[in-house]
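Visitor: Fold the following for me, if possible:
(2 chains)
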Amino acid sequence: GAVVSQHPSWVICKSGTSVKIECRSLDFQATTMFWYRQFPKQSLMLMATSNEGSKATYEQGVEKDKFLINHASLTLSTLTVTSAHPEDSSFYICSASGGTGSWYTGELFFGEGSRLTVL
Amino acid sequence: DAKTTQPPSMDCAEGRAANLPCNHSTISGNEYVYWYRQIHSQGPQYIIHGLKNNETNEMASLIITEDRKSSTLILPHATLRDTAVYYCIVNQGGKLIFGQGTELSVKP
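Guide: Residues are numbered from 1 along each chain as shown, chains lettered A, B, ... in the order given. Reported below is the predicted structural model:
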């Protein structure tokens, strides 16, 4: 099946620094990618929808200036957590739609996730 | 908001069938039902999806009621490696909004 890769798998940073997480579709072109975050023992929460070549659409309550999303190509989307604080520590997961047929009817592939710890 | 409700947890004996229910009473006519599972600290893994008809693949079967208000995921012969959180999700206009899922524990 299609593969979505995230990098880094885990990152530790100091409070106040910015961290970039990459999401790549390895064997298909993804016009739409999604970013989720997950706190321990909780479900995934959709943060934003990323469309190639346009601005991301953020879910209610998600600060767009805090979580910068760039989807510059059909195989790469990035999430930058700006001025990270300990409460931003979480598991960040991206997903991308498959290349065949309408995304509404096909699979959505998820990356392995990136665990961010802010000290 | 998620359109699905699932029991928070279930147990299943190894080798037996695991039947995971899901209610989605407000589903619209063109919205697909998806099932994913998540093993601790990993990204969700796709299992199966369907619209109206029952579906089967190498991992599982999906039974959707005629009124589409509920569905059941069936793992025919559960193994210890099937222990995970299983999410039933309705594709809402291209978005997958996760509910709380069912934590399935497969026991020897």
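
Visitor: Name the helix or strand of the chain that has the lowest mean pLDDT.
Guide: Chain wasn't specified; assuming chain A. strand A:108-110 (a mean of 87; mean pLDDT, DSSP states H and E).

Visitor: Hmm, no, I was thinking of chain B.
Guide: strand B:95-96 (a mean of 86).

Visitor: related to what we said a few turns ago, tell me the buried residues in the least confident helix or strand of chain A?
Guide: A:108-110 (16 or more other Cβ atoms under 10 Å in any protein chain shown). C-beta here means a position set from N, CA and C on the backbone, and glycine is covered the same way.

Visitor: Pull up the pairing partners for the least confident helix or strand of chain B, direction included.
Guide: The pairing partners recorded for strand B:95-96 under DSSP bridges are strand B:84-92 (antiparallel).

Visitor: follow-up on the earlier one: run the chain-centre distance for the least confident helix or strand of chain A.
Guide: The chain centre lies 11 Å from the centre of strand A:108-110; the measure is Cα atoms, centre = their mean, to the nearest Å.

Visitor: what's it packed up against?
Guide: Strand A:108-110 sits against strand A:90-97, strand B:45-50, with contacts defined as 3 or more Cβ pairs under 8 Å, 6 or more residues apart in numbering or on different chains; DSSP states H and E.

Visitor: between the ones you listed, which gets nearest to residue B:96?
Guide: strand A:90-97 (7.4 Å; Cβ to Cβ).

Visitor: Smallest gap between chain B and chain A, at which residue?
Guide: Nearest to chain A, among the residues of chain B, is residue B:43, at 3.9 Å (Cβ to the nearest Cβ).

Visitor: just checking, residue B:23 touches residue B:68?
Guide: No. The pair residue B:23 / residue B:68 is not scored as a contact, 10.9 Å apart, by Cβ atoms under 8 Å.

Visitor: Is there proximity between stretch B:55-64 and chain A?
Guide: No. Remark: stretch B:55-64 sits outside contact range of chain A, by Cβ under 8 Å from any Cβ of the partner chain, the gap being at least 11.0 Å.

Visitor: Which positions in that stretch come out as buried?
Guide: B:55, B:60-64.

Visitor: okay, residue 46: pLDDT?
Guide: Just going to use chain A. At residue A:46, the model reports a pLDDT of 95.

Visitor: switch to chain B, that's the one I care about
Guide: pLDDT, read off for residue B:46, is 91.

Visitor: Can you give me the distance of it to residue A:17?
Guide: 34 Å (Cβ to Cβ, to the nearest Å).

Visitor: Tell me how far whichever residue of chain A sits closest to chain B lies from residue A:95.
Guide: As assessed by Cβ to the nearest Cβ, chain B sits closest to residue A:110 within chain A, at 3.9 Å. Per Cβ to Cβ, residue A:110 is found 5 Å from residue A:95.
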